[in-house]
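Asks: With the sequence up front, the predicted model follows.
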Amino acid sequence: MRALASYVLRGKASAVLVACGFGVLSLMLPPISWPIGFLSSAALALVILVKGSKEGIQTAMLAVVAMLALTGVVASIPILGMAYATLLWLPALLIAELLRQKRSLAMALTGALALAAAVLAGIYVLVDSPTEWWRSYIEQQVIPMLEAAGLAGPQLPKGEQELNAIARVMTGTLVSFWFLGLCLTTFISRWWQAVVTDKIDAYHEEFYQLRFGTLVSGIALVCVVGAFLAEGLLAEIAHNLSLLMVVVFLFQGLSVMHQRLGRQTNAKLWVVIMYVLLVLTLPYLLIAIAVTGWLDNWINLRGRGSDKTAV
């Protein structure tokens, strides 16, 4: 990865090549398009972090032009390149600039959270009833497609109540995945910056001390309580916002877990086991780690000397 990051910083042409190359690959390889897209956005974000906003904007503009041309040739849909740049590159560049100015992962991810919340709110403003739209789409498009593919079974939603339960959180689910990707892009670009500038220890310390504070934690609590106690549209919005809060506190929870497990014998093995269990037990351990991250803002779960021991 150091070689790739160094290549990105060699000049505008190399950065554009990496960003567009991974961008086109992510469009051509749907099963693994999501993680490949992180590298595409991180390449442009790295330019801003290391060379500044002016160089980053110039590089991004060249990348957009190249992406429009490439998507026009590969998919015959040039506008696809603009959509890709708007949904993935532009947010990554904005958060990278915030990170460059504030020099804080917590501030950058908080900014990403605010952006995701704004996107969610925008959807509710522009779409008359997102739940109704999703219910109709699932009922008329998704279920028939799965049945035609021979995937029909008890796991498919049955009845209006189950369909509505799924539809009412679909908007928040999709925005949460987009937000998760934005956060991971930020981590990758920041890690690359640390690697090429030989400041990897500073990056480690920054991650291990990641904390969002009581203000964000209080807002998260209001969202969760509102999801259970409110009614109608307010409860629906609170449910969807709560999904975003799970994502952001997942990262703080992982920071805490790295600190705690780093004090154990065979610390790296325990960290690997944690991530394996995180995948195998979805979504239960994920939620538990997110709750741990939330609690860390009110109770110091890392203990003394937490900045000195981590993996």
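Replies: Received, thanks.

Asks: which parts of the helix or strand of the chain at the bottom of the mean pLDDT ranking are buried?
Replies: Lowest by mean pLDDT, DSSP states H and E among the helices and strands of the chain is helix 143-148, with a mean of 78. For helix 143-148, the neighbour count (16 or more other Cβ atoms under 10 Å) marks residue 143 as buried. The C-beta positions use only the backbone N, C-alpha and C, and glycine is treated the same way.

Asks: Would you map the helices across the stretch 151-300 of the chain?
Replies: Secondary structure of the stretch 151-300 of the chain (DSSP state H, counting those that start in this stretch): helices at 159-196, 200-208, 213-229, 232-261, 267-280, 284-295.

Asks: quick revisit: tell me how far the least confident helix or strand of the chain lies from the chain's centre.
Replies: Distance of helix 143-148 from its chain centroid, counting by Cα atoms, centre = their mean, to the nearest Å, is 29 Å.

Asks: got a list of what residue 14 touches?
Replies: Residues counted as contacts of residue 14 (Cβ atoms under 8 Å, 6 or more residues apart in numbering) are 7-8.

Asks: again with residue 211
Replies: Applying Cβ under 8 Å, 6+ apart to residue 211 gives the contacts 106, 252, 255, 296-297.

Asks: at 10 Å instead, please
Replies: By Cβ atoms under 10 Å, 6 or more residues apart in numbering, residue 211 lies in contact with 105-106, 217, 252, 255-256, 293, 296-297, 300, 302.

Asks: Which among these count as buried?
Replies: In those, the ones that pass as buried (16+ other Cβ under 10 Å) are 105-106, 217, 252, 255-256, 293, 296-297, 302.

Asks: Greatest separation within the residues you listed: which pair is it?
Replies: Using Cβ to Cβ, the two most remote members of these are 105 and 217, lying 16.7 Å apart.

Asks: thinking again about what came up before, could you list every helix and strand in contact with the least confident helix or strand of the chain?
Replies: Based on contacts counted as 3 or more Cβ pairs under 10 Å, 6 or more residues apart in numbering; DSSP states H and E, there is no element that helix 143-148 packs against.

Asks: need the contacts of residue 211 in JSON lines with pLDDT and distance to residue 134, can you?
Replies: Output for the contacts of residue 211, formatted as JSON lines (pLDDT from 0 to 100; distance: Cβ to Cβ, whole Å):
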{"residue": "105", "pLDDT": "96", "distance to residue 134": "33"}
{"residue": "106", "pLDDT": "96", "distance to residue 134": "33"}
{"residue": "217", "pLDDT": "97", "distance to residue 134": "29"}
{"residue": "252", "pLDDT": "97", "distance to residue 134": "30"}
{"residue": "255", "pLDDT": "95", "distance to residue 134": "33"}
{"residue": "256", "pLDDT": "94", "distance to residue 134": "34"}
{"residue": "293", "pLDDT": "96", "distance to residue 134": "29"}
{"residue": "296", "pLDDT": "95", "distance to residue 134": "34"}
{"residue": "297", "pLDDT": "95", "distance to residue 134": "33"}
{"residue": "300", "pLDDT": "87", "distance to residue 134": "41"}
{"residue": "302", "pLDDT": "81", "distance to residue 134": "40"}
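
Asks: Many thanks, have a good one.
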